[in-house]
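Enquirer: have a look; sequence and predicted model below, questions after that.
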There are 8 protein chains.
Amino acid sequence: MNERTLITLLQRVRDGETSIEKALEQLRLLPFEVLESARLDHHRSLRTGLPEVVFGENKTVEQLIDILTALLHTPSVVLATRVAEDKATRVREQLDGLTYHPTARILTGNEHLASLGVNRGAVVIVTAGTSDLPVAEEARLTLESCGHPVQTIHDVGVAGLHRILAHARQLQQASVIIVVAGMDGALPSVVAGMTAAPVIGVPTSIGYGTGAGGYAALLGMLNSCSPGLAVVNIDNGFGAACMAAAINRRT
Amino acid sequence: MNERTLITLLQRVRDGETSIEKALEQLRLLPFEVLESARLDHHRSLRTGLPEVVFGENKTVEQLIDILTALLHTPSVVLATRVAEDKATRVREQLDGLTYHPTARILTGNEHLASLGVNRGAVVIVTAGTSDLPVAEEARLTLESCGHPVQTIHDVGVAGLHRILAHARQLQQASVIIVVAGMDGALPSVVAGMTAAPVIGVPTSIGYGTGAGGYAALLGMLNSCSPGLAVVNIDNGFGAACMAAAINRRT
Amino acid sequence: MNERTLITLLQRVRDGETSIEKALEQLRLLPFEVLESARLDHHRSLRTGLPEVVFGENKTVEQLIDILTALLHTPSVVLATRVAEDKATRVREQLDGLTYHPTARILTGNEHLASLGVNRGAVVIVTAGTSDLPVAEEARLTLESCGHPVQTIHDVGVAGLHRILAHARQLQQASVIIVVAGMDGALPSVVAGMTAAPVIGVPTSIGYGTGAGGYAALLGMLNSCSPGLAVVNIDNGFGAACMAAAINRRT
Amino acid sequence: MNERTLITLLQRVRDGETSIEKALEQLRLLPFEVLESARLDHHRSLRTGLPEVVFGENKTVEQLIDILTALLHTPSVVLATRVAEDKATRVREQLDGLTYHPTARILTGNEHLASLGVNRGAVVIVTAGTSDLPVAEEARLTLESCGHPVQTIHDVGVAGLHRILAHARQLQQASVIIVVAGMDGALPSVVAGMTAAPVIGVPTSIGYGTGAGGYAALLGMLNSCSPGLAVVNIDNGFGAACMAAAINRRT
Amino acid sequence: MNERTLITLLQRVRDGETSIEKALEQLRLLPFEVLESARLDHHRSLRTGLPEVVFGENKTVEQLIDILTALLHTPSVVLATRVAEDKATRVREQLDGLTYHPTARILTGNEHLASLGVNRGAVVIVTAGTSDLPVAEEARLTLESCGHPVQTIHDVGVAGLHRILAHARQLQQASVIIVVAGMDGALPSVVAGMTAAPVIGVPTSIGYGTGAGGYAALLGMLNSCSPGLAVVNIDNGFGAACMAAAINRRT
Amino acid sequence: MNERTLITLLQRVRDGETSIEKALEQLRLLPFEVLESARLDHHRSLRTGLPEVVFGENKTVEQLIDILTALLHTPSVVLATRVAEDKATRVREQLDGLTYHPTARILTGNEHLASLGVNRGAVVIVTAGTSDLPVAEEARLTLESCGHPVQTIHDVGVAGLHRILAHARQLQQASVIIVVAGMDGALPSVVAGMTAAPVIGVPTSIGYGTGAGGYAALLGMLNSCSPGLAVVNIDNGFGAACMAAAINRRT
Amino acid sequence: MNERTLITLLQRVRDGETSIEKALEQLRLLPFEVLESARLDHHRSLRTGLPEVVFGENKTVEQLIDILTALLHTPSVVLATRVAEDKATRVREQLDGLTYHPTARILTGNEHLASLGVNRGAVVIVTAGTSDLPVAEEARLTLESCGHPVQTIHDVGVAGLHRILAHARQLQQASVIIVVAGMDGALPSVVAGMTAAPVIGVPTSIGYGTGAGGYAALLGMLNSCSPGLAVVNIDNGFGAACMAAAINRRT
Amino acid sequence: MNERTLITLLQRVRDGETSIEKALEQLRLLPFEVLESARLDHHRSLRTGLPEVVFGENKTVEQLIDILTALLHTPSVVLATRVAEDKATRVREQLDGLTYHPTARILTGNEHLASLGVNRGAVVIVTAGTSDLPVAEEARLTLESCGHPVQTIHDVGVAGLHRILAHARQLQQASVIIVVAGMDGALPSVVAGMTAAPVIGVPTSIGYGTGAGGYAALLGMLNSCSPGLAVVNIDNGFGAACMAAAINRRT
């Protein structure tokens, strides 16, 4: 039952063609039937300022081309995450208007349609080491695509504390902070202890031995004593950006 | 080297009693020495609006009495979390002015000093089942103690979807949402799909078999497809409240 | 918006007091608001034949008395699972009409309201050892409370194959089979290889060393080569009964 | 001792050529010896309606050709699961009469011998995302090969609840439902809360970080609060189909 | 169908009262029906020399008394393992003829019926520390109850290698060796490197931190480079004794 | 200090050239110094009947050629395990006299030097599925190389019990039994329940989902209720053969 | 063969009563036989400066009294670790001369026999929180009992970096540093980045949710990027002290 | 604020151009700002004697060339660890002055600048098997690059105890010992029991089945009963070398 059907039903009630009882019976099923797929999704897009995002990891080249072709015709920034370099090359051979960002493994399109949100604070993205860059770049591109200003502080792991301490003022003035770290995942604890801004920790799968896969980093972040810190899945730069956007939207 | 010493040093430089070189040498150690414990902590308290909080789980009755006696003399709300009922009783036998909240396992004092933050949005706390109440109450009391208005929606797990759907409007108007859930931890995914507000998931250790300890709930939340969701440690109602306060502070 | 409000709205549309547009706006929120808690639950109860069930593990004596008092006044069998013996004693001191089943740790009431489903096949419950009895009894009482005939075969673990082989005919004639086993959890594989009936495996936490907690049994069942076998959570006799009831309902 | 020998023995008893005692002694070993491999397997095939199925994952091309050649000469549908594309190509170069289904990674033959079971209800297969398709297709092809009608509902994960809610009526009319989901595995909980039909959850290994391998999805399903849900191994679309067939056979 | 029925059937065939065909039909079910529980169990007891053993951990006092009363009337040694001290006391208050071994947590009876196997080699039981004694004693009592001579070497962990080296000759002359060790579980590796006798490793749950539960010891033993070493479950002294008895029986 | 030095020392004591005290001092260090590497290894080889075995997995082609060249000149069977096919090809291109067994991934040489042990019982090797063959073949070749007669029973998993039951007599007459099984690892339990011979379980890494890696099979075997069963590491066919040889050596 | 026997053997060689060959034969067994338990242990005690230490956790009161009575008569400091308070009370009721340290759960005796090592550097023990005190005290008492000077820095977790930074000079001048931390275990990383002294990390089991048991802290420490950091088992204050003593002994 | 700014500030205070109050305000921010990155790093390099080390695992060829070009111009040994052979080849094609060590996977440069520390004791590196060589070589090259003398003892696993016993004297004279072992990780326990020197255990990922990844070896080392043993991450030869250097620096 879509909106059109609903209007017809109400008209028939108004015109006495359908009894209250009969209308009631149909409306009882409404909760399960009335919602058109597209509408709610559009609502979410409007509310969060996030563009339509395609998760590319398990999609074939053909599937990507189909979806992206359609999205490029909408008046909205286009973003496809987790697209391996060879897949991206093959997509771009057949489809114009896409830019590939190899570190972030992201394809973007319609970039001119992104507009910076007015009066939004800055999202600061911090990384512990250079190996954490791909995840940080995934977060940065996602945020910038939906109009959030981003600042980055790279390679400031806790083995040399002075490196992060040097950025104290910037951290204190941030609207939201995303901290990307592998290995022991200790950096978000330290950052959250230096600022009142909400901190989103992103553990990365960078590490070896007991650190492989990112579980050590995840556990480190979940068990931090610092207040004002929450965590997303390992390597989930996109998820961290979504949380940051949800927070920053309202600042 | 505290502030007093620093002033003296500067006076001696001004008065020509200490050379620039000698002063420089002392100041080089400053990064490691100058910070008095209390100052930074006070800063954090001011910035976050969080009161001084005592983690009571591993403290003895004697330790609790010592610390709480001191805190009750400061002009600030007092909060001690994870205090078992029998410990709380023994503390209150020897110390006036404390209220015990048995579900939340929290001792509070100086409650009259809490003042509602002006123009702050509401933090909505949602629970999946009645067994999740202690964690939710820990979050609620922490937030209210530092002046954040809280609304609660209880017992709306996904086995009966209509229960949470009935609160859609409230969820869409929230400033921040904390969702507390054990078992499969599916509720935060559903809530995050219904709102643009940032959602903080708190897995609880409620469950049995493979759900014991809360790992199933934690994994469920970390792997949610819904955007705008981040997670804190299992049973960490206090940590969720701190993250919510950090977000809501700026609304 | 409950059913009463909906009728009023429709009446106002019929009587021309509310415009189609205005009604449409209110109905758009309907999917999230119209469902009253009780209705859908009653639906589920009718559909599945399962009585109202209270999960007693984390409930206080006071909470149990409140809920059970209310349920005893409904025209339906009452079932509270995972009620420890001392809690059950205290509940029954204050509330008449309840029977306690210590092995199953279940409180039942209004048992006379259970009526055997017509033309239903038998659910056969099989256990590997005597220690698996509490879980099997939880399943049996749940099924019998909603009118499913149950047969039991106890203590037929695979260390002595002849024991289960002796029941081949009974297994082949079952409508559904629940197999409860701890330790290595091998029994459901063997049973599923002997019958065409659907088999529900319930791993139990019976075991020690690497078998403690029931994970070995769970993994054994999930990795069975026998076709026609699915699994529920460790010690989840109630869940197995619900699955069996859903299957048997249609036979 | 095969059937022939048994008849001979009985004839000799009848004819007085073998004493009761001597026959008894031989029959004591019967439980371990009399069963011919083939017979019981045929029994199972007849009972479950499942065709002879070859698990192709660890078989060489030569082994597959040998087995499939033999099976194609039997009057029965042929099914080989988990056959990688390159292996399938090499098998089909040397063996006629096989069709390869790349998404499901299944080889089928003698498809004309499958006949729809009379009066059987529909098995509804639901997927959370497009990446879950291979597992769902493995289930669908298995079921259809043995005569069970299948309906599919794809890409209805819980991040957008309206998508699954739109299929409520179809879910309520299903005979059995298979829900295939990776990531947080929350979809089966939601589905089981919407229907009285038995639900079989299939966790998939789709996911990354803590979701990699499918354990998060498995735990989510095992810890669901929804009644009427059981689970099979990660990615085990074939096993889910077998369970569904065992249930649906009797409807 | 028990032995009595089988004889009757054969008699009827002999006497022409039952046709071959009809007898055949009944015998087809024989594999699943003919075995009486008791017979095979008696066989096993005779073959292995193991007495009837009761696993006491999850049995009530009443259950223990029932079973042990029955067993004490059989002409066989009686053994109940994993009987807590208080349970044992209550059993012995009501039942004569039982001895309790507190370290091994074993109840024995009819000890005079154990007879030393002729020409059997010695089973040597080695422990790493005094905390491993209960598991070692469970193994020793089990073995001695069924007539295997046992030698013990206690408290010879690898932190002081000279301690185990001093027993090299005894280890080289053993028929079978059981090595009981917690913590790092390194002792079985060292012992297996010093002897040609088969070595059975028993990890114990003695340890703390990462050693708690015995997993570190188990993994250490499973990954030993020493040839001639196999492992049983954590704390499974009884299982090690059964394996040793199976090996030693044939020496 | 080697044997030569020791003789010299004793001669000097005898001849009065070294005092008792001085000799004593040197001998105190003896435990750590006197053993020449080669001697003890030769002892072990003699005692166990195992040939010199090379673990090939992490060795380069060059290392393999060096070691095998040397071993081929000794009067002993040569065995190199876990040699990948391409490595084996390259070794054999440069070194004559080696045979490669691709299923077992073993290189053998000097096979004519293996002689069947007199009066030894048979080691029976049982597999659950065809995918378990490589591990079973590693065990078989190892045992045959050191003169133990081997019998094999393949593809008799518990999903069709009749298959293993048909071999009951052979299992009861075995000297030792090795059971190789992946997936749920249930077969060793069933076998151990059918025989008095010692059973060595070898879990294999065959499986998928929760069965991947072989942990489900390992746990299944460790938690078996059947007496007379011990376990080696996942996929460790060589280790199982060593344990079987140690047991069978004495029969 | 003890030292007495060895002297006799040498005397007989000297006196011509035993031939070189015969003596050689006996000495060949020497490596496995000659070492008396006590001697090597005394050696270790002298070398490491560690007193005789009793691990009290799994010992009964009677066992503790027996061992400690003996040790109190040796001219050496006595130390029993992991003695629960009630056990300690019962031991001290029957045995004079022991002091109980409740936080460290250690019994000491003969304390006057400890003498401070000359010219040894200081071992600095750092804790993250007050809950880590018991483990730190176990380390401190162990070290002081064998003459190592100890300094302590308590409650300096990374949530307030200024607290540990204030001790930079002390950390830079330490001979060895032990850092005791639960939760995220981030403190040792920070400390090791501030000093050139070797740092020993001790994870503690303090924490809840995913931090329970100390695994998060252990993983954090193992995956630290800071050079000069090694780790001991969870809660192993005694082991950290032994490592520190081994390092400091040589300074 | 760098050193230059600080001097200017002090001069202005001295010259009366800046008030005490204003200077104080600026200095309050000093702890977070004054440290230049480079300075502290240089300090650490001087203190530890470790050269600038590049972790090569996740760096691209271009990144490696940039960093190494810069480092080769400093008066210091250059070390890049975890550089795969093909990457090393491509780096050396474009950059002179580097040596590649394939077993250790290390690139070194400026080797002539390494000078042996005066009066330093020897670091002894022990391996259990030849597969542990890469990790041991990473440790050796790191130590030698910063002037620590290294001795190696290879292939002395505990399956043949005599092999390690033969090196007792060398172990007792070591300054520090690094023991590298995979599989069961038992060797460090044995070594630590033979010496008073501090022992650093390095578990390796060598192993299969339950030993894969190195967790069994790690757990074995963490649970050792031998005093004076600490552990680094799996495969972390570089970390072990850093700890050894920190200890040996002071000898």
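Expert: Perfect, thanks for sending it.

Enquirer: contacts only, for the nearest residue to residue A:209 once chain neighbours are set aside.
Expert: Using C-beta to C-beta, 6 or more residues apart in numbering or on different chains and skipping residues adjacent in sequence, the residue nearest residue A:209 is residue H:234, 2.9 Å away. C-beta here means a position set from N, CA and C on the backbone, and glycine is covered the same way. Residue H:234 sits next to A:208-210, G:222, H:202-205, H:213-215, H:217-218 when contact means C-beta atoms under 8 Å, 6 or more residues apart in numbering or on different chains.

Enquirer: check residue H:234 and give its pLDDT.
Expert: Predicted confidence (pLDDT) at residue H:234: the value is 96.

Enquirer: ok, and the most crowded of the contacts of residue H:234?
Expert: Highest neighbour count within the contacts of residue H:234, by other C-beta atoms under 10 Å in any protein chain shown: residue H:202, with 37 neighbours.

Enquirer: hey, what's that one bridged with?
Expert: Assessed by DSSP bridges, residue H:202 has beta-bridge partners residue H:180.

Enquirer: where does the stretch 1-150 of chain A have low pLDDT?
Expert: For the stretch 1-150 of chain A, the stretches with pLDDT under 70 are A:1-5, A:25-52, A:115-118.

Enquirer: show me where it has its helices.
Expert: In the stretch 1-150 of chain A, the segments counted as helices under DSSP state H, counting those that start in this stretch are A:3-14, A:20-28, A:30-33, A:37-48, A:61-72, A:85-94, A:133-145.

Enquirer: just the CA trace of the next helix or strand after the longest one, in CSV.
Expert: Spelled out, that is helix A:133-145. Sequence order places strand A:150-153 as the next helix or strand after helix A:133-145, per DSSP states H and E. Extracted C-alpha coordinates of strand A:150-153, given in CSV (Å, rounded to 0.1, in the frame of the first residue of the first chain):
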residue,chain,number,x,y,z
VAL,A,150,38.3,17.8,8.3
GLN,A,151,41.7,18.4,9.9
THR,A,152,44.3,15.6,10.1
ILE,A,153,47.2,14.9,12.5
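
Enquirer: can you name the residues in contact with strand A:150-153?
Expert: Under C-beta under 8 Å, 6+ apart, the answer for strand A:150-153 is A:122-127, A:136, A:140, A:143-144, A:164, A:167, A:170, A:174.

Enquirer: quick one: which two of these are the most distant?
Expert: The span of these, defined through C-beta to C-beta, is set by A:144 and A:164 at 23.3 Å.

Enquirer: and the spatially closest residue to residue A:158 that is not a sequence neighbour, how many neighbours does it have?
Expert: Spatial nearest neighbour of residue A:158, excluding adjacent residues (C-beta to C-beta, 6+ apart): residue A:186 at 4.8 Å. Number of residues near residue A:186 (other C-beta under 10 Å) recorded here: 32.

Enquirer: find the closest residue to chain E in the stretch 1-150 of chain A.
Expert: With C-beta to the nearest C-beta, the shortest gap between the stretch 1-150 of chain A and chain E falls at residue A:128, namely 25.7 Å.

Enquirer: can you pull the contacts of that residue?
Expert: Neighbours of residue A:128 in contact, by C-beta under 8 Å, 6+ apart: A:155-158, A:179-183, A:187, G:225.

Enquirer: and with 6 Å instead?
Expert: By C-beta atoms under 6 Å, 6 or more residues apart in numbering or on different chains, the contact set of residue A:128 is A:157, A:181, A:187.

Enquirer: repeat for residue A:187
Expert: Per C-beta under 6 Å, 6+ apart, neighbours of residue A:187: A:128, A:158, A:179, A:181.

Enquirer: which among those gets closest to chain C?
Expert: For the contacts of residue A:187, the nearest to chain C is residue A:181 (31.2 Å; C-beta to the nearest C-beta).

Enquirer: and the residue nearest to the closest one when sequence neighbours are not counted, how far from residue G:191?
Expert: Among residues not flanking residue A:181 along the chain, residue A:128 sits closest, at 3.7 Å (C-beta to C-beta, 6+ apart). As judged by C-beta to C-beta, to the nearest Å, residue A:128 and residue G:191 stand 17 Å apart.

Enquirer: please name the nearest non-neighbouring residue to the residue of the stretch 51-200 of chain A found nearest chain D.
Expert: In the stretch 51-200 of chain A, no residue comes nearer to chain D than residue A:58, which is 3.8 Å away by C-beta to the nearest C-beta. The shortest distance from residue A:58 to any non-neighbouring residue, by C-beta to C-beta, 6+ apart, is to residue D:131 (3.8 Å).

Enquirer: hang on, the one you found packs against residue A:60?
Expert: No - contact criterion C-beta atoms under 6 Å: residue D:131 and residue A:60 do not qualify, at 10.8 Å.

Enquirer: which of the two has more residues huddled nearby?
Expert: In terms of neighbours (other C-beta under 10 Å), residue D:131 is the more surrounded of residue D:131 and residue A:60; the figures are 20 against 12.

Enquirer: of the contacts of residue A:187, grab the buried ones for PyMOL.
Expert: Buried members of the contacts of residue A:187, defined by 16 or more other C-beta atoms under 10 Å in any protein chain shown, are picked up in PyMOL with:
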select buried, chain A and resi 128+158+179+181
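
Enquirer: least confident of the contacts of residue A:187?
Expert: residue A:158 (86).

Enquirer: could you check how far that one is from chain E?
Expert: 24 Å (C-beta to the nearest C-beta, to the nearest Å).

Enquirer: cool, residue A:190 as well?
Expert: From residue A:190 to chain E the distance is 26 Å (C-beta to the nearest C-beta).

Enquirer: who are the contact partners of that residue?
Expert: A:158, G:158.

Enquirer: please, where are all the strands along the stretch 151-251 of chain A?
Expert: A:176-181, A:199-203, A:229-231 (DSSP state E, counting those that start in this stretch).

Enquirer: what is the first one packed up against?
Expert: What it means is strand A:176-181. strand A:123-127, helix A:133-145, helix A:187-192, strand A:199-203, helix A:237-248 (3 or more C-beta pairs under 6 Å, 6 or more residues apart in numbering or on different chains; DSSP states H and E).

Enquirer: go back to the contacts of strand A:150-153 and keep what's next to chain B.
Expert: When contact is defined as C-beta under 6 Å from any C-beta of the partner chain, the contacts of strand A:150-153 do not meet chain B at all.

Enquirer: in TSV: these, plus neighbour count and distance to residue D:106.
Expert: Output for these, formatted as TSV (neighbours: other C-beta atoms under 10 Å in any protein chain shown; distance: C-beta to C-beta, whole Å):
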residue	neighbour count	distance to residue D:106
A:122	19	52
A:123	28	47
A:124	25	50
A:125	29	45
A:126	29	48
A:127	27	44
A:136	28	41
A:140	24	42
A:143	27	43
A:144	18	44
A:164	23	54
A:167	19	56
A:170	16	56
A:174	24	53
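
Enquirer: could you find the closest non-adjacent residue to residue A:225?
Expert: residue G:159 (4.2 Å).

Enquirer: ok, the one you found - how many residues close by?
Expert: Other residues close to residue G:159 by other C-beta under 10 Å number 23.

Enquirer: having no further points to raise, I will conclude here.
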